[in-house]
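J.: Provided below are the primary sequence and the corresponding predicted coordinates.
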Amino acid sequence: MKSRKPLVAGNWKMNGDIVTNEHLFTALRSALERASISQVDVVICPPFPYLGQAGAWLGDTGIAWGAQNVAAAANGALTGEVSVSMLADLGCGWAIVGHSERRTLLGETDEVVARKASMCVAGGLGVIACVGETLDEREADATEAVLARQVEALVPALQGADPARAVVAYEPVWAIGTGRTASPEMAQQAHAFIRARMAHAGVAGADAIRIVYGGSVKAANAMSLFSMPDVDGGLIGGASLVADEFLNICRAAAVA
Ligand code: PEP
């Protein structure tokens, strides 16, 4: 039994509408309540416009809900952005920062991601900070150098964080949405490296901070990944849109 409580977060990405979401919320709510998976922290991250809907459907359950992104500034002239305090005001508990789609497609740098993570910590929002190498970087044997750089940038945020409210997601970019998953051994190696890096940088909660794996996790491969000693759950994209798949992934995290 691991000392860290597993966490499974569903990243719905830019998917959903009011009616479809309602079906998914209903299914998750009743299934998770029936399964009473209290030994897993579950976080659902729909797109911004549906956060209120998430609060209405999940607010009185043990299921948390979060945003997929947050502004790197507190407030003011930043059209289209949403701040930590606005999310907290809404009752939202978590935010994902540094997802590779935002790093790659929207040009978010390590520095911007670190600022967002720090804003979450300072504003009392749980943070799921994503790191991970591209295929080119892995093939060039640069995985550890990339992870070291990305984790290093997050250190000031992680140093000030409550370990229960700070999560690092290792998401190899080549595994996201591709159906290609890191092997459990590859994931473990990366997770152990990230944990060692945090400890080396003086992050007091390095042993308690959860490091979750993301990248084509499905019910069929969740158990083998989550059984690894430093894999503390998952960040789930595509499979989080299918109630039964997501529920079975949560079940795997509960028993791994
Ligand atoms: C993600 O978007 O964070 C992700 C891991 O996606 P998928 O599970 O679809 O690979």
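T.: Sure thing, it's come through.

J.: so which elements touch the least confident helix or strand in the chain by mean pLDDT?
T.: Lowest by mean pLDDT, DSSP states H and E among the helices and strands of the chain is helix 18-35, with a mean of 89. Packing contacts for helix 18-35, counted by 3 or more C-beta pairs under 8 Å, 6 or more residues apart in numbering; DSSP states H and E, involve strand 41-45, helix 51-58, helix 243-255. In this view, the C-beta of every residue, glycine as well, is placed from N, C-alpha and C.

J.: quick one, it and helix 243-255 angle?
T.: 30 degrees (axes from the mean of the first three to the mean of the last three C-alpha atoms, to 10 degrees).

J.: now helix 18-35, how far from the chain's geometric center?
T.: Offset of helix 18-35 from its chain centre (C-alpha atoms, centre = their mean, to the nearest Å): 20 Å.

J.: which parts of that helix are buried?
T.: 21, 24, 25, 28, 29, 31, 32 (16 or more other C-beta atoms under 10 Å).

J.: go on, stretch 48-64?
T.: For stretch 48-64, burial by neighbour count (16+ other C-beta under 10 Å) applies to 48, 50, 51, 53, 54, 57, 58, 63, 64.

J.: same deal with stretch 216-230?
T.: Neighbour-count burial for stretch 216-230 [16+ other C-beta under 10 Å]: 216, 217, 218, 219, 221, 222, 223, 224, 225, 226, 228, 230.

J.: do it and the ligand come into contact?
T.: Yes: using C-beta under 6 Å from any ligand atom, stretch 216-230 reaches the ligand at 216, 217.

J.: measure that stretch end to end?
T.: Stretch 216-230 has an end-to-end distance of 18 Å (C-alpha to C-alpha, to the nearest Å).

J.: what does it contact?
T.: 2, 6, 175-182, 184-185, 187-188, 191-192, 194-195, 211, 213, 231-236, 238-239, 244-245, 248-249, 252-253, 255-256 (C-beta atoms under 8 Å, 6 or more residues apart in numbering).

J.: repeat for stretch 172-186
T.: 100-101, 104, 132-135, 138, 143, 190, 213-218, 221, 224-225, 227-228, 231, 237-238.

J.: which members of the residues you listed occur in helices, if any?
T.: 100, 101, 104, 135, 138, 143, 190, 221, 224, 225 (DSSP state H).
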